[in-house]
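Undergrad: model this:
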Amino acid sequence: MNGHTVSRRRFIAGVSASAASMMIVPRHVLGRGMQAPSDTLNIGGIGVGGRGRADVEGCRHENISALCDVDPGHAAQTFSEYPTARRYADYRQMLDREADIDAVIIATPDHTHAVIAMEAMRRGKHVYCEKPLTRTVAEARALANMARETNVVTQMGNQGHALEGTRQIREWIEAGVIGTVREVHYWTNRPIWPQAIDRPTEAHHRPPGLDWDLFLGPAQERPYHPAYHPFRWRGWWDYGTGALGDIACHSMDAAFWALELDQPTRIEAETTPLFAETAPAVSRITYDFPAKGNRPAIRFVWRDGDLAFPRPAELADGEQLPGGNSGQLFVGDDGVLGADIYGRRPQVFPTARHKDLVVSPPPQRYSRSPGVYREWTEACKGNGVPGSNFAEHSGPLTEICLLGNLAVRTGKPIEWDAARMRATNVPEANALLDEPYRAGWKL
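TA: Below you'll find the predicted structure:
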């Protein structure tokens, strides 16, 4: 070959699908548990400190060929665990120089999800992105549209959608175990980071190696402060989406899927005092979804900041709902069904009805998943479709979650027209749907 190596991507593009399939070495030829190099994805991780480290670890069965983080100190452990992966600070340089990357994992702060995912999809890369998919409603819709246009394989990191419990919840609801569902309640101890605060004014030196300009990305310029990075960015509207954005894409997932919900028509929030730049300390947000087919209208009630809700009458003395300080509860005409935020350990109350389920469960109607990461990597190789793909699932789910923040930030009930992507009664809410990027950045 004239001394030149041929990349995996160029090779596959240069032969027919049938010929390419013949080049994949069967795993049994290599031995038990081995994966052929030609059946291995080259994956780049973007934002690999914190949650990103776990996401990269989840895809370790593929080739982690490049890693990118604006803060090498925060990402040092991940860098050390993949010594052969090439390192970058700027994801754009990584995408320019690593032509052989097949797919990317994005686990940066919320405000940079959209620009990175959009650029990767434009280049034909498959994308795994942490939740919430985006910081704004308009970004979520744009990514869903781009996923349809490019036909790349996408997955949002709401791990619960791939778990057994979420399948059971849908099967139990469809079997009528708790009767007709009319309400779903959510609660969480988040925020577990500072919010309901004003912008700090004192000056700080940024940590060695941190590229603060790249951290800001499309957000408006401001000086570095440890109140923002690492992790504390979640409470700031410029970078994060508060407790709702952190948890709702997990906890609302099962109901969104099991009840086949579309967009809500009304969202109302009650909060502790509002701050201009940060989410409030406590929120109670009510979503109203219209009736659909034979299903009645559904109401979601979200509570954060350890806000308590009335104890269901179906619980006997001493019984506790699964999930502890963060969970979900479906309220039906004939009982209630609780689980943690990921849909794990679902339990029906009264308890006698759950015991009957254990003895005689409804038939399995939905296929089980190999896990959120394997589901995505296998789909990248042409095997199946990820359950939390941007176009059909996680894009619309993220929109629902983020609509709650419109009601929180404006302090007014929102009447929502999903088709027009407009709040029909609160004009100022529409300015929050698609906030401007700073100069030099675009979606």
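Undergrad: Pro132 against Thr398, yeah?
TA: Yes - contact criterion Cβ atoms under 8 Å: Pro132 and Thr398 qualify, at 5.1 Å. (C-beta placed from N, C-alpha, C; glycine too.)
Undergrad: pretty sure Ser388 contacts Ser394?
TA: Yes - between Ser388 and Ser394 there is a contact at 4.6 Å, judged by Cβ under 8 Å.
Undergrad: so what's in contact with those two at the same time?
TA: Residues touching both Ser388 and Ser394 (Cβ atoms under 8 Å, 6 or more residues apart in numbering): 155-156, 158.
Undergrad: Serialize those to JSON lines and add fields for distance to His229.
TA: Compiled in JSON lines, the shared contacts of Ser388 and Ser394 are given as follows (distance: Cβ to Cβ, whole Å):
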{"residue": "Gln155", "distance to His229": "26"}
{"residue": "Met156", "distance to His229": "23"}
{"residue": "Asn158", "distance to His229": "24"}
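Undergrad: Overlap of the contact sets of Pro132 and Thr398?
TA: Joint contacts of Pro132 and Thr398 (Cβ under 8 Å, 6+ apart) are 140, 249.
Undergrad: Contact partners for Val301?
TA: Going by Cβ under 8 Å, 6+ apart, Val301 touches 183-186, 284-287, 309.
Undergrad: so what's the backbone phi/psi at the nearest residue to Phe215 once chain neighbours are set aside?
TA: Excluding the flanking residues, the one nearest Phe215 by Cβ to Cβ, 6 or more residues apart in numbering is Val70, at 4.8 Å. The phi and psi values for Val70, taken as degrees, to the nearest 10, are phi -70, psi -10.
Undergrad: With Ile178 instead?
TA: According to degrees, to the nearest 10, Ile178 has phi -110, psi 20.
Undergrad: and the spatially closest residue to it that is not a sequence neighbour, how many neighbours does it have?
TA: Distances taken as Cβ to Cβ, 6+ apart place Gly332 nearest to Ile178, at 3.2 Å, with adjacent residues excluded. Here the number of neighbours of Gly332 (other Cβ atoms under 10 Å) works out to 19.
Undergrad: where do the helices sit along the stretch 251-400 of the chain?
TA: Assigned by DSSP state H, counting those that start in this stretch, the helices in the stretch 251-400 of the chain fall at 253-258, 351-359, 372-380, 395-410.
Undergrad: list the helices and strands the longest one packs on?
TA: Translated: helix 395-410. Packing partners of helix 395-410 (3 or more Cβ pairs under 8 Å, 6 or more residues apart in numbering; DSSP states H and E): helix 137-150, helix 242-251, helix 253-258, strand 266-271, strand 283-289, strand 414-417, helix 427-430.
Undergrad: pLDDT on that helix, on average?
TA: In this model, helix 395-410 has a mean pLDDT of 98.
Undergrad: Let me see the contact set for Gln220.
TA: Contacts of Gln220 by Cβ under 8 Å, 6+ apart are 238, 438.
Undergrad: tell me which element it is part of?
TA: Here Gln220, judged by DSSP states H and E, is contained in no helix and no strand.
Undergrad: Can you pull up the most central residue in this structure?
TA: The residue lying closest to the centre of the chain (Cα atoms, centre = their mean) is Lys131, at 2.1 Å.
Undergrad: how deep is the closest residue to it other than its chain neighbours tucked in, by neighbour count?
TA: In this structure, Lys131 finds its nearest non-sequential neighbour in Cys249, 3.8 Å apart by Cβ to Cβ, 6+ apart. Look at Cys249: counted by other Cβ under 10 Å, it has 28 neighbours.
Undergrad: before we move on, back to that, deepest of the helices and strands packed on helix 395-410, which one?
TA: For the helices and strands packed on helix 395-410, the largest average neighbour count (mean count of other Cβ atoms under 10 Å) is found in helix 242-251, namely a mean of 26.
Undergrad: relative orientation of that helix and strand 266-271 in degrees?
TA: Relative orientation of helix 242-251 versus strand 266-271 (axes from the mean of the first three to the mean of the last three Cα atoms, to 10 degrees): 130 degrees.
Undergrad: what about the closest residue to Gly245 other than its chain neighbours, how many neighbours?
TA: Distances taken as Cβ to Cβ, 6+ apart place Pro132 nearest to Gly245, at 4.4 Å, with adjacent residues excluded. Other residues within reach of Pro132, judged by other Cβ under 10 Å, total 30.
Undergrad: Now do the contacts for Pro132.
TA: Contacts for Pro132 were tallied using Cβ under 8 Å, 6+ apart; they are 110, 113, 140, 241, 245-246, 248-249, 398, 401-402.
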